[in-house]
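Visitor: here is the input, now give the coordinates:
(4 chains)
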Protein chains: 2
Amino acid sequence: MSKQGQELIELTQLSAVVGCGSPLVREPIPAEDAVELARAFKALGDPVRLRLVSLIASHDGGEACVCDLTADFDLSGPTISHHLKVLRGAGLITGERRGTWVYYRVEPSALARLSDVLAMEQGVGA
Amino acid sequence: MSKQGQELIELTQLSAVVGCGSPLVREPIPAEDAVELARAFKALGDPVRLRLVSLIASHDGGEACVCDLTADFDLSGPTISHHLKVLRGAGLITGERRGTWVYYRVEPSALARLSDVLAMEQGVGA
DNA sequence: GGCCTGTATCGACAAATGTCGAGACAAGGT
DNA sequence: ACCTTGTCTCGACATTTGTCGATACAGGCC
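Guide: Below is the predicted model:
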């Protein structure tokens, strides 16, 4: 638990550094921030994980249990669990155990932050 | 050249499939599209490459030559070249040789596409 | 209590990735 | 023509990553 706290990224905190509405086209991303942001992008850089995020986000109520997710892949349970752990470590999803099942939901602010960084905003080149 | 054409991803083409303004929260991303999108996100999933994109995009005129980029990293020339190749293969940047130097510029539509996919759009959960 | 189901961790292994040095190719200056 | 400079390609290597089976933990049901 304490260890996990260290690994967990506070993507929301990056807003203070990168700045909201300050995309990567306006000024170079500082090296330290790039590490955090890149970890989030890397987490999305796998087809399975990208689909997992999409499945969770688009599921009814905005949450899905692992049992719902495993059915969509030809992968073993441990593998799905591993990918979910990576996404959790990147701060993109959160998991909560309710009774027998564990429910995952996306972290909207984290996705929004990444979306903002990529937004060109038509303010530089053209 | 012909080989490169195969590797090159037409991220713009994904708009026809994923749909513009159809983010990953509205409906699950199809498995095939996830492969293409994930490749782009993976390309951004490295601190060096993320900074490279940012450096290129924020450079004067929207383009930068390799000589401008290598100075910002403690990496060898071949390594920078490798990262640029990955970004090119993902369709995120384009390179053009003009005389002695090779100039790179970002592909705005590709970045915009990724940004759109990540945009939550407040239309589902809440 | 004992069992069964759902999920996570552990250890192992093949494949992919990031990095480098050496060398090749391209373009310009002498 | 030659050499210098800028960039890319090619092998090689250590590290990381994705995957699995086996196993452990958590919680409900008999």
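Visitor: quick check, central residue of chain A?
Guide: The residue lying closest to the centre of chain A (C-alpha atoms, centre = their mean) is residue A:92, at 2.3 Å.
Visitor: tell me the contacts of that one?
Guide: Counting by C-beta atoms under 8 Å, 6 or more residues apart in numbering or on different chains, residue A:92 touches A:11, A:40, A:43-44, A:53, A:106-107, A:110-111. From N, CA and C alone the C-beta is placed, and that goes for glycine too.
Visitor: please flag which of those sit within strands.
Guide: residue A:106 (DSSP state E).
Visitor: out of the contacts of residue A:92, which two sit at the greatest distance?
Guide: Farthest apart among the contacts of residue A:92 by C-beta to C-beta are A:11 and A:53. That separation is 13.5 Å.
Visitor: who has more neighbours, those two?
Guide: Between residue A:11 and residue A:53, counted using other C-beta atoms under 10 Å in any protein chain shown, the more crowded position is residue A:53 (28 against 22).
Visitor: pretty sure the more buried one contacts residue A:44?
Guide: Yes. Contact criterion C-beta atoms under 8 Å: residue A:53 and residue A:44 qualify, at 6.9 Å.
Visitor: name the residues of chain A found near DNA strand D, please.
Guide: Residues of chain A found near DNA strand D (C-beta under 7 Å from any atom of the strand) are A:42, A:45-46, A:48, A:74-79, A:82-83, A:86, A:97, A:99-100.
Visitor: now do the helices in chain A.
Guide: A:2-7, A:14-18, A:31-44, A:47-58, A:66-70, A:77-89, A:108-118 (DSSP state H).
Visitor: can I get those helices in JSON lines including mean pLDDT?
Guide: Output for the helices of chain A, formatted as JSON lines (pLDDT from 0 to 100):
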{"stretch": "helix A:2-7", "mean pLDDT": "41"}
{"stretch": "helix A:14-18", "mean pLDDT": "50"}
{"stretch": "helix A:31-44", "mean pLDDT": "94"}
{"stretch": "helix A:47-58", "mean pLDDT": "95"}
{"stretch": "helix A:66-70", "mean pLDDT": "93"}
{"stretch": "helix A:77-89", "mean pLDDT": "97"}
{"stretch": "helix A:108-118", "mean pLDDT": "93"}
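Visitor: which of those helices sits closest to residue B:69?
Guide: helix A:31-44 (13.4 Å).
Visitor: what about the residue lying closest to residue A:23 once chain neighbours are set aside, neighbour count?
Guide: Leaving aside its sequence neighbours, residue A:23 sits nearest to residue A:119 (C-beta to C-beta, 6 or more residues apart in numbering or on different chains; 5.0 Å). By other C-beta under 10 Å, the residues close to residue A:119 number 21.
Visitor: residue A:78 now?
Guide: Neighbour number of residue A:78 under other C-beta under 10 Å is 8.
Visitor: state the distance from it to residue A:86.
Guide: In this view, residue A:78 and residue A:86 are 13 Å apart by C-beta to C-beta, to the nearest Å.
Visitor: likewise for residue A:62?
Guide: 20 Å.
Visitor: returning to what we had before: most neighbours, which of the contacts of residue A:92?
Guide: residue A:44 leads the contacts of residue A:92 on contacts (other C-beta under 10 Å) with 30 neighbours.
Visitor: now do the same contact list for the closest residue to that one other than its chain neighbours.
Guide: Distances taken as C-beta to C-beta, 6+ apart place residue B:41 nearest to residue A:44, at 4.1 Å, with adjacent residues excluded. Neighbouring residues of residue B:41 by C-beta under 8 Å, 6+ apart: A:41-42, A:44-45, A:50, B:114.
Visitor: at 7 Å instead, please
Guide: Residues in contact with residue B:41 (C-beta atoms under 7 Å, 6 or more residues apart in numbering or on different chains) are A:41, A:44-45, A:50, B:114.
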